[in-house]
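Novice: Generate coordinates for the sequence data below:
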Amino acid sequence: MMHPEQITDSIAFHAEGPVWHDSWGGLRFVDMLAGDLLTMAASGDVSRLHVGSPIAAFVRPRVSGGYVVGTERGIALSDSPFAAPTEYRELWSEPNVRMNEGCVDPWGRLYAGSMPYDQTPGAAKWDRMDGEGCAVVVENNVTTSNGMDFTADGTRAYYNDTATRQTDVYDVTAAGELANRRAFFHTGEGTSPDGLAVDSRGNVWCALNRKGTVRLYSPQAEILGEWKLPCPGVTAVTLGGPDGKDVFITTSKEMADVPGAGAIWHMRAEVSGQPTREYAG
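Specialist: Now for the predicted structure:
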């Protein structure tokens, strides 16, 4: 496995939420605090699209085509991969709370997590939305919703509420409900577990913000590898590419505007990632 290498210029202030999908031709991610989607083509060229909101928290493809994007207080939908989205659903009205992260489960439902601007403990929540747009609250009393993903067999789900300084794991019932939340790995003080991704064998990739590190855990929470970047603001990690073994890492200038911050970093994995799940809405 290679050491991470910088593959773009510092093109974003706060790059987040990388996702690989063929419909948009490769890697897409957000410049979250600018409200923009960025798409990196196979050539390496990067294009930018504003979503009509001050926040673009995450992006995922849709089963029907196009994509869903997390906006400041809800989600917006586009019917094609490259058209601007239209606001679809507001999930809350509190001005102090904004969207921060999202994922799609094996049933095509969208999980969307929020955080308070002023970091008030427990002021945010974690929602789930089905294909018809009906939303339910999965967790209340959340501080900073971050990484979330499911295993390929749909029996486990992982979640980071960054303020807890740990990654939690749930069992997933046959009906698709989350149960038995418990600690998976406590990262310790001075480290902020951020975005995460689960590979095809159930290993968990986790971005450790403030520490400038990407860590790989086994399903038994053993540390299988750890890779250090030269910038502390490591925000998220995903797997993609033609064989699913390309590791893409997003970074931010928010903590420190140093060389490599705001760029995309890349290395290769030994185990492929999962196919990107599409939202049923």
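
Novice: quick one: the helices in the stretch 101-250 of the chain?
Specialist: For the stretch 101-250 of the chain, applying DSSP state H, counting those that start in this stretch gives no helices.

Novice: how about the strands in it?
Specialist: 110-116, 124-129, 135-142, 145-150, 156-161, 166-172, 178-186, 192-198, 204-209, 213-217, 223-228, 234-240, 246-251 (DSSP state E, counting those that start in this stretch).

Novice: how about the ones you listed, which one is nearest Y279?
Specialist: For Y279, the closest of these is strand 110-116, at 4.9 Å, according to CB to CB. (Each C-beta comes from the backbone N, C-alpha and C, glycine too.)

Novice: roughly how far is stretch 50-62 from the heart of the chain?
Specialist: Remark: stretch 50-62 is offset 12 Å from the chain centroid, using CA atoms, centre = their mean, to the nearest Å.

Novice: picking that back up, could you dump the strands of the stretch 101-250 of the chain into TSV with mean neighbour count and distance to P85 added?
Specialist: Below are the strands of the stretch 101-250 of the chain laid out as TSV (neighbours: other CB atoms under 10 Å; distance: least, CB to CB, whole Å):
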stretch	mean neighbour count	distance to P85
strand 110-116	25	14
strand 124-129	22	15
strand 135-142	16	18
strand 145-150	26	21
strand 156-161	24	25
strand 166-172	19	29
strand 178-186	14	27
strand 192-198	26	21
strand 204-209	26	25
strand 213-217	22	29
strand 223-228	14	33
strand 234-240	27	20
strand 246-251	26	20
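
Novice: Quick check: the gap between the residue of the chain most remote from its centre and W107.
Specialist: Largest separation from the mean C-alpha position in the chain: A174, at 24.5 Å (CA atoms, centre = their mean). Taking CB to CB, to the nearest Å as the measure, A174 falls 11 Å from W107.

Novice: for R268, same thing?
Specialist: Noted for R268: a distance of 31 Å to W107, by CB to CB.
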